[in-house]
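[1] sequence plus the predicted model coming up.
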Amino acid sequence: MKVMLDTGSGYLYLPNDQCRRPECKGRTLYSAGRSSTSKAINFPKTIAYGSGTVSGNFHKDVVTVGGLKVPGAVFVSCNVLSQVPAGHYDGLMGLTPPGMTMGPNVNPKYNPFFLQMVKAGVVKKKVFSIGIARDRATDTSDGGVFILGGSDPKYFEGSLEYVPLTSTTEWQFEMGGIQAGSGQKFCAGCKGMVDSGSSILIFPPAYYSQIQYAMTSAGAENAGMLMTVDCSKVDKLPAINVYVGSKAYPIHPKYYVDGLGGDECYLLMVQMQTPGNEVVLGDPFMAQYYVEFDIEKKRMGFAPSLVAKAKK
C-alpha cells in the first residue's frame, strides 16, 4: 500500500475491501477478513476536508511501515476515501501533533499512528522529517524522503532553523511576514501552517489580495479559483518570501507554477478562509524546503532542501 503523508490529518486511513465507491477502484485495499490479527473497534470516524471526505471505523491490526512492524496498531478502515487522490496513493497517514486527535467524533484513547510507532519502540524519538522531490517542468515526482526519529543532513543545506509551535493541534507557527517580490511586507505575526497533504498555497482573503496584485502585475490573469499565466512568462513572476522571524524563505515560481512546458500555466495558490486564518504552506513550500517536525520540543525546523538533487 502507498499512503500520502499528511501533516494536516490525525490518523492513518486505509481503504477497505467493502468500499464500492469509484475512488476505491484501482487501489490496494485492506481486507480485515484475510487478516488473522485484525480486530474491529466499534467507533466510527468521519471527517470532511476541503477536497473530499474520509469515513470508516477504527480497526486494530499489525501494520508495517518501511520494515518497521507495529503490532496492535489502530487505524481507520475506510469505505469512503474521496480526500486521497486516486491513482497516486491508496491511503493517508496523518501526522499532526497529538492534539488533533482530541475533540468530537474522535476517540482520545488512540494516538496518531506516528506516536503508536514510538510507543511500540520501533521509532526512538517523537521527531520526523519530510523532504519532497518534484519536477514541475515534467510533472514528475520521485516521492522524496520520510525520516522517522530525526533528520538526515545529507538532504538539506546548512543547518535547520527552528521555530516554536503556536498550536497543539496543527504544525502552526508565527510568521514574521510575507512579501511578494519587491512589494511591501505584510502578515507580520499571522500564523503559518505546514501541510504536506496540500498541493497548493492557501491564503485567507485578508492576505490574498496582495499576492494577487503582485502576480497580475507580473502578467498573471485571474481565471476562476486559480490564476493563470503564459508559460513563457513564468520567469517574470515574483518569488513569495515567507518570513520566519527575520529570515526569508523565498518560494520561487518554478515551485508554485504547474503546467511548465505547455502554453498555459497555473499558479498553485488560492484564496480560502482557513479555520484559524492561517496561511497554509503546502507542496510548493515543501518541495523547496526540508522540514523537521519535532513533537518532543514542540517546534519545526526548516532548511533549503537537497532532496531532489540527492535522489538523482
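    Okay, I see it. Residues are numbered from 1 along each chain as shown.
[2] is Thr64 in a bridge, and if so with what?
    On DSSP bridges, the residues paired with Thr64 through beta bridges are Lys69.
[3] please report how far it lies from Ile200.
    Distance of Thr64 to Ile200, given as CB to CB, to the nearest Å: 32 Å. Yep, even glycine has a C-beta here, placed from its N, CA and C like the rest.
[4] comparing these two, which residue is more hemmed in?
    Ile200 (21 against 12; other CB atoms under 10 Å).
[5] quick check: the more buried one touching Val270?
    Yes - the pair Ile200 / Val270 is scored as a contact, 5.9 Å apart, by CB atoms under 8 Å.
[6] and stretch 218-230, how far apart are its ends?
    This stretch, stretch 218-230, spans 11 Å end to end (CA to CA, to the nearest Å).
[7] just the buried positions in it, please.
    Ala218, Ala220, Met227, Thr228, Val229 (16 or more other CB atoms under 10 Å).
[8] again, but for stretch 177-194
    Those would be Gly177, Ile178, Gln179, Ala180, Gly183, Cys187, Cys190, Lys191, Gly192, Met193, Val194, for stretch 177-194 by 16+ other CB under 10 Å.
[9] average pLDDT across it?
    The average pLDDT for stretch 177-194 rounds to 94.
[10] and what of stretch 215-224?
    93.
[11] residues contacting it, please?
    If you take CB atoms under 8 Å, 6 or more residues apart in numbering as the criterion, stretch 215-224 is touched by Ala180, Gly181, Gln212, Met227, Thr228, Val229, Asp230, Lys233, Lys236, Leu237, Pro238, Leu267.
[12] and the pLDDT at Lys311?
    67.
[13] wait, I meant Lys119
    Lys119 is given a pLDDT of 92.
[14] what sits closest to it if chain neighbours are left out?
    Asn111 (6.8 Å; CB to CB, 6 or more residues apart in numbering).
[15] what helix or strand does the one you found sit in?
    Here Asn111 sits in a region with no helix or strand, counting by DSSP states H and E.
[16] tell me the spacing between it and Glu292.
    Per CB to CB, Asn111 is found 20 Å from Glu292.
[17] who has more neighbours out of these two?
    For Asn111 versus Glu292, neighbours defined as other CB under 10 Å are more numerous around Glu292 (21 against 17).
[18] so that one: helix, strand or coil?
    strand (DSSP: H, G, I helix; E, B strand; the rest coil).
[19] any idea how far it is from Ser246?
    Taken as CB to CB, the span from Glu292 to Ser246 is 20 Å.
[20] who does Val54 bridge with?
    Beta bridges link Val54 to Ile47, Leu81 when assigned by DSSP bridges.
[21] need the contact list for the residue nearest to Tyr11 when sequence neighbours are not counted.
    Of all residues not flanking Tyr11 in the chain, Gly94 sits nearest, at 4.8 Å (CB to CB, 6+ apart). By CB under 8 Å, 6+ apart, the residues touching Gly94 are Asp6, Gly8, Ser9, Gly10, Tyr11, Leu12, Tyr13, Met100, Pro112, Phe113.
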